[in-house]
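S.K.: Return atomic coordinates for the entry below.
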Amino acid sequence: MYHIGCCGFQVSRQKYFKEFQLVEIQNTFYKLPWLETAVKWREQAPVDFEYTMKAWQGITHLTSSPTYRRVKLNIKEANKNHYGHFQPTDEVFKSWGDTLKIARALTAKVIILQCPPSFKENGQNLHNLDKFFQHIQKGGFHLALELRADWQSDTIMSICRQYDLIHCVDPFKEECLYGQFRYYRLHGSPPGDKMYRYRYQIEDFKCLNKIISEDLEQISKIYCLFNNFTMWDDARAFKKWIN
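M.R.: Numbers count the residues shown, from 1 in each chain. Prediction:
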């Protein structure tokens, strides 16, 4: 009914596999691994273990984003403006194709498209989204769209309905507006710089459980991924609390 895990391995994979049956791979956002590496990750995991993954940032983030500084990427100067914000360029579409290859190797079911706060609702970005989703092949994957700027609810619902996307949110901050299931990413409760440093408390678990219980009256599947600095401890604590 609902699946709990972390956004990344904070502990060894073998220790993690003993505790959870789900993980979201975040490293794929910064730099896609070699295909052989993704195959190895799949082989190391139990058969019933589920991977989800973030799409590579070349699709969603402009190359001026500080997220590119974390990795060494060989991007030609002349092509730098062709990446990010879902632009209908060869570079963005290739980025999607490369993302699909890794998702297939992981046998992932969900790919998360996390947008930067700079990706605001305007005519150009709406045009880019339409062109992107009209062009790509989903490859049998569920796509979860995480918008981190203020978009109108009607716009979000229209986009997600038209292209059958999951509206990905932090349930403490925003309501999921569309999707055949829920994909929640918990970034830490308070806003601001201390957000990821926040450690979830029992009162938070009660609130989250209430949200999940109400969701389960309408849908049958919920992903709940912790993405704060203490995600390993918090995910384990929440799992123990609801059991």
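S.K.: So what does the nearest residue to N227 once chain neighbours are set aside look like in phi/psi?
M.R.: Spatial nearest neighbour of N227, excluding adjacent residues (CB to CB, 6 or more residues apart in numbering): C7 at 3.9 Å. Every C-beta, even on glycine, is put in place using the N, C-alpha and C of the backbone. Dihedral pair for C7: phi -90, psi 80, per degrees, to the nearest 10.
S.K.: I figured C7 hits M231, correct?
M.R.: Yes: proximity of C7 to M231 meets the contact threshold set by CB atoms under 8 Å, at 6.5 Å.
S.K.: Low-confidence ranges, this protein, go.
M.R.: Low-confidence segments of the chain (pLDDT under 70): 190-194.
S.K.: Please enumerate the strands of it.
M.R.: 2-6, 22-25, 50-54, 110-114, 142-146, 166-167, 182-186, 222-226 (DSSP state E).
S.K.: The ones you listed into CSV, with extra columns for distance to Q87?
M.R.: Shown next, in CSV, are the strands of the chain (distance: least, CB to CB, whole Å):
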stretch, distance to Q87
strand 2-6, 31
strand 22-25, 24
strand 50-54, 19
strand 110-114, 14
strand 142-146, 16
strand 166-167, 22
strand 182-186, 24
strand 222-226, 28
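S.K.: Nearest to Y83, out of those strands?
M.R.: Closest approach to Y83 among the strands of the chain is made by strand 110-114 (14.0 Å; CB to CB).
S.K.: same for the closest one, what does it pack against?
M.R.: For strand 110-114, the packing partners by 3 or more CB pairs under 8 Å, 6 or more residues apart in numbering; DSSP states H and E come out as strand 50-54, helix 57-60, helix 90-106, strand 142-146, strand 182-186.
S.K.: where's the residue nearest to the spatial centre of the chain relative to D204, distance?
M.R.: By CA atoms, centre = their mean, the mean C-alpha position of the chain lies nearest to I112, the distance being 3.3 Å. Distance of I112 to D204, given as CB to CB, to the nearest Å: 22 Å.
S.K.: repeat for V23
M.R.: For V23, the distance to D204 - CB to CB - is 21 Å.
S.K.: for N243, same thing?
M.R.: The value you get for N243 to D204, if CB to CB is used, is 17 Å.
S.K.: neighbour-wise, which of those two wins?
M.R.: Legend: neighbour count by other CB atoms under 10 Å for N243 and D204, higher for D204 (17 against 5).
S.K.: Give the full set of residues in contact with that one.
M.R.: Neighbouring residues of D204 by CB atoms under 8 Å, 6 or more residues apart in numbering: F172, S189.
S.K.: Could you say which one of the strands of the chain comes nearest to T37?
M.R.: So among the strands of the chain, strand 22-25 is nearest, using CB to CB, at 10.8 Å.
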